[in-house]
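**Q** fold the following, please.
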Amino acid sequence: MNDWFFERLKSFGEDKALVYPTASGERVASYRDLLEAKERFGAELGQRGIGAGDVVAVEGAFTLSATALILALIEAQAVALPMVREMRAQRDACLGVAEAEWLFEFDEEDNRTVTDLRPVHRTNKTLEKLRERKSPGLVIFSSGSTGQPKGILHDFAQILKKFEKVRQKKVTLCFLLFDHIGGVDTLLSTLTSGGTLVTVARRDPATVVETIERHRVHTLPTSPTFLNLLLISGLVEKHDLSSLRVIAYGTEPMPAGTLARLHATFPEVALVQTYGMSEVGVLRSRSKDSNSPWIEFSQEGFQVDVRDGILWVKAETAMLGYLNAPDLFDEDGWLNTQDAVEVDGPYFRILGRKTDLINVGGQKVYPTEVEGCLLEMPNVRDVSVFGKPNPMTGQMVAARFNLIEPEPLAEFKVRMFAFCRSRLAAYQIPRAVEIITEDQFGARFKKSRREH
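**A** Numbering: from 1, shown residues only. A predicted model of the protein is given here:
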């Protein structure tokens, strides 16, 4: 079923496939190394009696062994559940929801520990639907920002189909995590084109720019939150980033001010907005231009529709279903993304989640639009905008700031109101303001807008 995938990887021979950090230093693995490790894991899976339909959790990163095990699970038509140490607090819950039978843990030296979790009673109907297809599976968990994380089951064979077409060979820095649908997409996109996937020990601006310079990275897929941190770090001018040709940003809407500063800083780099969800994968799209928040969907293997200002998607790579929640598909297979959009001919502008919308006396306020303005203020490192209850207007706009240098709150509020008065409508200006020191994003570098 997936023979083409492994044959293509074999054709790349000694080309560099992975560059990854370990506790003892950076390592490099060729495609030959990767496939040989995959064969060893395949033999081990057989010896342990792990086969089609069995759920195997893999806690690690994009290292040789962890990646090879994922490939071996695809070949064995098993179900892979990638996990990361950063999410260990939720591990037991996720293992239970996925009915995982085995756990392979990879440490900082890429050595493994194997735990047999059996007996596990197979009761999940969505997993049984996959087993009836006789396809390999992939389980991805939502970030769990509200309530229990939702387990999302994909047919791995359907995901692989997206990458049958050979695309540009390049060096890509994999910023997204091992358990993220965007990270899986980056891995498969890179490997099926014979490129090199480079990962970093720390995802801070200093490490990222040093890695781009040292490995002549071509493509950086990341989040707007990280790109804002990169711009204010002052490190771009201190490194040779001339190899960089594409910055792909997604996971959250891009503030207009950040995009404008990014374009001015990297005028020769293509800035490409991506769109994806754990439920449907990453959809192929292209930006109207590098300085534009508008995107056009290729509709290769998927369709899009807008209903009452909300984006709906129907995709070949859509999940088979949630493992622990009701499906969100309608009877024709369309998924409500909950993302509000504007439409201009073939182009779409993603405004943000409908659930993030702030309603101020009937006026709609999208946090990203306000954040984009506030990020242009001097001395602002980061800001999150969210709604708070208000007895007169239903909600009011609130903002939580990280500053570059300390500043008294009272003085900052005066400066903020003066700055916003000519840039935002009165109902968009934050009325509740606080200054904090802790970061406002998690391990996935996605902004948190929850009220503390």
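
**Q** low pLDDT regions in the stretch 1-150 of the chain?
**A** 1, 143-147 (pLDDT under 70).

**Q** how about the strands of it, start to end?
**A** 16-22, 25-30, 55-59, 79-83, 102-106, 112-116, 137-141 (DSSP state E, counting those that start in this stretch).

**Q** can you put those strands in JSON lines and add distance to N402?
**A** All C-beta spots, glycine's among them, are computed from the backbone N, C-alpha and C. Shown next, in JSON lines, are these (distance: least, C-beta to C-beta, whole Å):
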{"stretch": "strand 16-22", "distance to N402": "27"}
{"stretch": "strand 25-30", "distance to N402": "31"}
{"stretch": "strand 55-59", "distance to N402": "31"}
{"stretch": "strand 79-83", "distance to N402": "29"}
{"stretch": "strand 102-106", "distance to N402": "33"}
{"stretch": "strand 112-116", "distance to N402": "38"}
{"stretch": "strand 137-141", "distance to N402": "28"}
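
**Q** closest one to G183 among those?
**A** Evaluated with C-beta to C-beta, the strands of the stretch 1-150 of the chain place strand 79-83 nearest to G183, the distance being 8.1 Å.

**Q** follow-up on the earlier one: mind putting the strands of the stretch 1-150 of the chain in CSV, distance to A201 and mean neighbour count included?
**A** Listed next are the strands of the stretch 1-150 of the chain as CSV, based on distance: least, C-beta to C-beta, whole Å; neighbours: other C-beta atoms under 10 Å:
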stretch, distance to A201, mean neighbour count
strand 16-22, 4, 21
strand 25-30, 9, 15
strand 55-59, 17, 25
strand 79-83, 18, 26
strand 102-106, 14, 21
strand 112-116, 19, 12
strand 137-141, 23, 27
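
**Q** right, and the ones you listed - which one's nearest R245?
**A** strand 16-22 (18.0 Å).

**Q** give me the sheet partners of that closest one and which way each runs.
**A** Strand pairing for strand 16-22, using DSSP bridges, gives strand 25-30 (antiparallel), strand 196-198 (parallel).

**Q** OK, contacts around F401?
**A** For F401, the contact set (C-beta atoms under 8 Å, 6 or more residues apart in numbering) comprises 374, 380, 382-383, 412, 433-436.

**Q** apologies, that question was intended for V84.
**A** Contacts for V84 were tallied using C-beta under 8 Å, 6+ apart; they are 59-61, 177-179, 443.

**Q** let me see the domain layout of this structure.
**A** According to automatic domain parsing, the chain comprises the domains 3-160, 357-435.

**Q** out of those, which one sits most buried?
**A** Mean neighbours per residue, mean count of other C-beta atoms under 10 Å, is largest over the domains of the chain for domain 3-160, with a mean of 18.

**Q** for the residue of the chain most remote from its centre, which non-adjacent residue is closest in space?
**A** When distances are taken from the C-alpha mean of the chain, M392 lies farthest, 38.0 Å away, according to C-alpha atoms, centre = their mean. Excluding the flanking residues, the one nearest M392 by C-beta to C-beta, 6 or more residues apart in numbering is G361, at 7.6 Å.

**Q** got the phi and psi for the one you found?
**A** With angles defined as degrees, to the nearest 10, G361 sits at phi 60, psi 40.

**Q** who's in contact with stretch 221-238?
**A** Contact partners of stretch 221-238, identified using C-beta under 8 Å, 6+ apart, comprise 172-176, 182, 186, 203-206, 208-209, 247-255, 258-259, 261-262, 265-266, 274, 375, 381-382, 404, 441, 444-447.

**Q** my error: substitute stretch 68-75 in the last question.
**A** For stretch 68-75, contacts defined as C-beta under 8 Å, 6+ apart pick out 2, 5-6, 9, 34-35, 37-42, 45, 56, 58, 79-80, 82, 104, 136, 156, 160.

**Q** quick one on the thing from earlier: tabulate the contacts of F401 (a markdown table), appending pLDDT and distance to A52.
**A** What follows is the contacts of F401, written out as a markdown table (pLDDT from 0 to 100; distance: C-beta to C-beta, whole Å):
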| residue | pLDDT | distance to A52 |
| --- | --- | --- |
| L374 | 94 | 52 |
| V380 | 94 | 53 |
| D382 | 92 | 46 |
| V383 | 93 | 49 |
| F412 | 97 | 60 |
| V433 | 96 | 56 |
| E434 | 95 | 53 |
| I435 | 96 | 55 |
| I436 | 94 | 49 |
